[in-house]
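Asks: Whatever this is, show me its structure:
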Amino acid sequence: MGQAERRARETIDRLLQAVKPLSNPTLRTLILTLKQQKELLIDTVTQDCVLEAGFSEAARERAQGIVHGFEAFIDTHRDEITALQILYNRPTKAPLTLDDLQALADTLQARRTCGPKASSGRPTPHWMPARSGARLAAAS
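Replies: Next comes the predicted model:
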């Protein structure tokens, strides 16, 4: 018996060992039963038909809640958003300097005192002093 015949015989023996559990009729029946239970038939021939079309009142209320929540977030964080807008409108390579921070504080203060939200009665944020220009000038 040559080398090739011995390898072929070993391969056949391994294959027979691998399929030996499938010779059990109970196991084969169980496998076929499980396959039938989990099989999903997709009908591609029958045409679908719409039973109902319309708006869901629950979906409308959920969407309105999301919009109102976002509006409240924007109103609550208006000063922070304004500060970020001012900073991000700068040239990207320019470093942030003390003068830039002073200009930012002055702009925010001006928007607070003469902007449309001045009558809202919101307190000045803790990070923005009442006289930001004088305080920042003293720090430099």
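
Asks: Tell me the pLDDT of residue 78.
Replies: The confidence metric pLDDT takes the value 87 at residue 78.

Asks: Give me the neighbour count for it.
Replies: Taking other CB atoms under 10 Å as the criterion, the count of residues near residue 78 is 16. Heads up, the C-betas are built off the backbone N, CA and C, glycines and all.

Asks: May I have the phi/psi pair for it?
Replies: The phi/psi pair for residue 78 (degrees, to the nearest 10) reads phi -60, psi -40.

Asks: I'd like the distance between it and residue 106.
Replies: To residue 106, residue 78 is 17 Å away according to CB to CB, to the nearest Å.

Asks: So, low pLDDT: which residues of this protein?
Replies: Counting by pLDDT under 70, the ranges of the chain that qualify are 1, 92, 111-140.

Asks: now the helices for it?
Replies: Assigned by DSSP state H, the chain shows helices spanning 3-19, 25-38, 57-76, 78-88, 98-114, 132-139.

Asks: tilt between the fourth one and helix 98-114?
Replies: Regarding helix 78-88 and helix 98-114, their directions subtend 140 degrees when assessed with axes from the mean of the first three to the mean of the last three CA atoms, to 10 degrees.

Asks: do the same with the longest one
Replies: In this structure, helix 57-76 runs at an angle of 120 degrees to helix 98-114, with the same axes, to 10 degrees as the basis.

Asks: who does helix 57-76 touch, helix- and strand-wise?
Replies: In terms of contacts (3 or more CB pairs under 8 Å, 6 or more residues apart in numbering; DSSP states H and E), helix 57-76 is not packed against any helix or strand.
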